[in-house]
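> What follows is a predicted structure for the sequence shown.
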Protein chains: 2
Amino acid sequence: MKSDKLRITSQRDVILDELRAAKVHPTADELYEQVRRRLPRVSLATVYRNLEWLSEQGLARKIEVGGRQKRFDGDISDHYHVRCHKCGRVADVEMDLLDGVEDRIAQCCGFTVTGHRIEFTGLCPACSNGSAC
Amino acid sequence: MKSDKLRITSQRDVILDELRAAKVHPTADELYEQVRRRLPRVSLATVYRNLEWLSEQGLARKIEVGGRQKRFDGDISDHYHVRCHKCGRVADVEMDLLDGVEDRIAQCCGFTVTGHRIEFTGLCPACSNGSAC
DNA sequence: TCAGTAATGATAATAGTTATCATATAAATG
DNA sequence: CATTTATATGATAACTATTATCATTACTGA
């Protein structure tokens, strides 16, 4: 019989654990490097697959930011992000959500607006120190 | 002698013209299809190259939104965008800029914040009608 | 223990973009 | 207007990030 219980494999467990432990929001390959320290035989495909799965299950979040690579967040609460325009690093911003900002829109080409996302841009500590990232 | 004048080729002219004429913000390949109607021998590489060049010259803007493909905007003024979460279409939002919103940030992991970008999400007219995009 | 289902690792395939290079074209100069 | 020189173009290869495939492995429930 089919169970509706989430199947937590050791890979999933370590992936979520490392994602939650990350100070900034990692790309799949950054996380892969971390996970590999604990599970040396893990595959990059497993990391991609499970980041997707964790997002679907609501245990993690795929964050849509600019830049070529996707980034992931172990914190599922709604919040804003800041991205370094030099190295692409993404971190959390502590700021109250702008509730009702959707109501301020005068015109939006007929779109039905249901949410918003703010991405602050700037320089991360490493890049503003002039040191390599 | 080297001139500092911008070299406007027919390709660049048509690319910028079509970009400005677009109601929504096209991806490179969408724009390529449009440009091809006027310049049938144009190469996709030329479209990519010139969208990059136009952005560098300040004649167009590369808009950093979620989704796999980059999108471009012929309107270089600072404004917000709305993206259809179903088909990825991106359009302008008419809303006053949130001046000084960067000052409201309590904490941002040591980043030096210099700007922000808002991406509203929702459904475009075509997708909310249930029709195919 | 066993059967059935789902996850894994290795790798191929794909999508989007950028790089390469021989040829063509535009602007400056004579 | 012809020539020169730098730059842009078209065709295509290469590259990067991600997703799909598939044989094997490992859970889970009976």
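Good, I have the coordinates.

> Touching the lowest-mean-pLDDT helix or strand in chain A from outside, list them.
Using mean pLDDT, DSSP states H and E, helix A:125-128 stands out as the lowest-scoring helix or strand of chain A, at a mean of 91. Taking contacts as CB atoms under 8 Å, 6 or more residues apart in numbering or on different chains, the residues outside helix A:125-128 that touch it are A:84, A:86-87, A:89, A:132-133, B:109-112. Glycine gets a C-beta too; all of them are placed from N, C-alpha and C.

> what two of the residues you listed are the furthest from one another?
Comparing all pairs in the contacts of helix A:125-128 by CB to CB, the longest separation belongs to A:132 and B:109, at 18.6 Å.

> Compare neighbour counts for the two and give me the winner.
Counted by other CB atoms under 10 Å in any protein chain shown, residue A:132 and residue B:109 do not tie: residue B:109 has more neighbours, with 15 against 7.

> Pretty sure that one sits against residue A:84.
No: no contact is recorded between residue B:109 and residue A:84 when judged using CB atoms under 8 Å, the distance being 10.0 Å.

> Overlap of the contact sets of these two?
Between them, residue B:109 and residue A:84 share these contacting residues under CB under 8 Å, 6+ apart: residue A:124.

> Which residue, other than its chain neighbours, is closest to residue A:83?
The shortest distance from residue A:83 to any residue other than its chain neighbours is 4.9 Å, reached at residue A:90 (CB to CB, 6 or more residues apart in numbering or on different chains).

> which residues touch residue A:57?
residue A:6.

> and the gap between it and chain B?
Applying CB to the nearest CB, to the nearest Å, one obtains 19 Å for the distance of residue A:57 from chain B.
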